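A.B. asks: need the 3D shape of this:
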Amino acid sequence: MESFQQEMRQMAYNSKHMETKQILLLEAARNGAPLFADALTRKGFEVEVVRSGEELLQRLPEMRPRVVILNVPSLRSSGKRICRLLREQDTRSPLIVILPQGQSAAGYPAHIHLHLPLTPRKLINRLKPFLDQGGGKVVQRGPLQLNLETRHVHILGKTTHLSPRLMRLLQVLMENAGQVISREALFQQVWETSYAGDMRTLDVHIFWLRQAIEMDPRQPRFLKTVRGVGYRLDL
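C.D. replies: The predicted model follows:
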């Protein structure tokens, strides 16, 4: 019981101290241009929005984002100078530039150039390869992100460090998101044994995992119990 309480306290500490942002977005709400911050947030991405190039360059070294996005049509300027200064300050962060319809991408040193009209779904599809990069070390399903190297799980602003067994359990569930996995099959894949006689260990680990990824573990939104069968991760 004491070790269980210690693990719960550690999870709470990690959740409080390990929050990170995925995306740094320059979006200034000018000229009636389409905005993407709300759509990205609703899809579970962690987004830091800045309103000027100066603010972007100030926040960049503090955040070290996974991706930087410039919504050029929302700015007062062409955004070329901001783009150039950004590349001079940081050559590593992937950069996506959104441009007005028909505008040339010349003068915008970016990894990806997208043009209006642009749907949030298309933007997300171009984002994902950058967020999933790392030689398969990061697994992302919906708002849930699992780093297989650091064993951190991140969801909706909450970050928790997992034990190796919990990480493997979550990895299997994420790889089969939306599908019901029987308790026996889940036990065999995670514990790598054909013996599945005692399921209490699995039940305890499911409880711990809900503590890590659910806002309210007593009313789980993501990790569902399918009575008489097993579990399903809904994302």
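A.B. asks: center of this protein, which residue is that?
C.D. replies: Nearest residue to the geometric centre of the chain (C-alpha atoms, centre = their mean): residue 145, 4.5 Å.
A.B. asks: can you classify that residue by secondary structure?
C.D. replies: Following DSSP: H, G, I helix; E, B strand; the rest coil, residue 145 is assigned to strand.
A.B. asks: kindly report the same for residue 31.
C.D. replies: coil.
A.B. asks: which ones are touching the closest residue to the residue nearest to the centre of the chain other than its chain neighbours?
C.D. replies: Closest residue to residue 145 apart from its sequence neighbours, by C-beta to C-beta, 6 or more residues apart in numbering: residue 154 at 4.5 Å. (C-beta placed from N, C-alpha, C; glycine too.) Neighbouring residues of residue 154 by C-beta atoms under 8 Å, 6 or more residues apart in numbering: 20, 46, 144, 145, 146, 147.
A.B. asks: got phi/psi on residue 154?
C.D. replies: According to degrees, to the nearest 10, the main-chain angles of residue 154 amount to phi -130, psi 130.
A.B. asks: that one pairs with what?
C.D. replies: With DSSP bridges as the criterion, residue 154 is bridged to residue 145, residue 159.
A.B. asks: so what does whichever helix or strand residue 39 is part of touch, helix or strand wise?
C.D. replies: Using DSSP states H and E, residue 39 sits within helix 37-42. The elements that helix 37-42 packs onto, with contact taken as 3 or more C-beta pairs under 8 Å, 6 or more residues apart in numbering; DSSP states H and E, are strand 23-26, strand 47-50, helix 120-131.
A.B. asks: which of the contacts of residue 154 are buried?
C.D. replies: Neighbour counting with 16 or more other C-beta atoms under 10 Å marks 46, 144, 145, 146, 147 as buried within those.
A.B. asks: from those residues, pick the one nearest residue 200.
C.D. replies: If you rank the buried ones among the contacts of residue 154 by distance to residue 200 using C-beta to C-beta, residue 146 comes first, at 24.7 Å.
A.B. asks: any idea how far residue 70 is from the closest residue to that closest one other than its chain neighbours?
C.D. replies: Leaving aside its sequence neighbours, residue 146 sits nearest to residue 139 (C-beta to C-beta, 6+ apart; 4.6 Å). Remark: distance between residue 139 and residue 70 (C-beta to C-beta, to the nearest Å) = 28 Å.
A.B. asks: those two: who's more crowded?
C.D. replies: residue 70 (24 against 19; other C-beta atoms under 10 Å).
A.B. asks: ok, now which ones touch that one?
C.D. replies: 26, 79, 82, 83, 86, 95, 96, 97, 98, 110.
A.B. asks: I figured the fourth one was touching residue 110, is that so?
C.D. replies: Yes. Taking C-beta atoms under 8 Å as the definition, residue 83 is a contact partner of residue 110 at 6.6 Å.
A.B. asks: pick the one among the buried ones among the contacts of residue 154 closest to residue 192.
C.D. replies: Checking these one by one against residue 192 (C-beta to C-beta), the nearest turns out to be residue 146, at 18.9 Å.
A.B. asks: state the pLDDT value of that closest one.
C.D. replies: Residue 146 carries a pLDDT value of 88.
A.B. asks: what sits against it?
C.D. replies: Contacts for residue 146 (C-beta under 8 Å, 6+ apart) come out as 138, 139, 140, 152, 153, 154, 167, 170, 171, 174.
A.B. asks: turn these into JSON lines, columns for pLDDT, secondary structure and distance to residue 59.
C.D. replies: Shown next, in JSON lines, are those (pLDDT from 0 to 100; DSSP: H, G, I helix; E, B strand; the rest coil; distance: C-beta to C-beta, whole Å):
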{"residue": "138", "pLDDT": "78", "secondary structure": "strand", "distance to residue 59": "22"}
{"residue": "139", "pLDDT": "82", "secondary structure": "strand", "distance to residue 59": "27"}
{"residue": "140", "pLDDT": "78", "secondary structure": "strand", "distance to residue 59": "23"}
{"residue": "152", "pLDDT": "88", "secondary structure": "strand", "distance to residue 59": "22"}
{"residue": "153", "pLDDT": "90", "secondary structure": "strand", "distance to residue 59": "25"}
{"residue": "154", "pLDDT": "84", "secondary structure": "strand", "distance to residue 59": "19"}
{"residue": "167", "pLDDT": "95", "secondary structure": "helix", "distance to residue 59": "30"}
{"residue": "170", "pLDDT": "96", "secondary structure": "helix", "distance to residue 59": "31"}
{"residue": "171", "pLDDT": "93", "secondary structure": "helix", "distance to residue 59": "32"}
{"residue": "174", "pLDDT": "92", "secondary structure": "helix", "distance to residue 59": "30"}
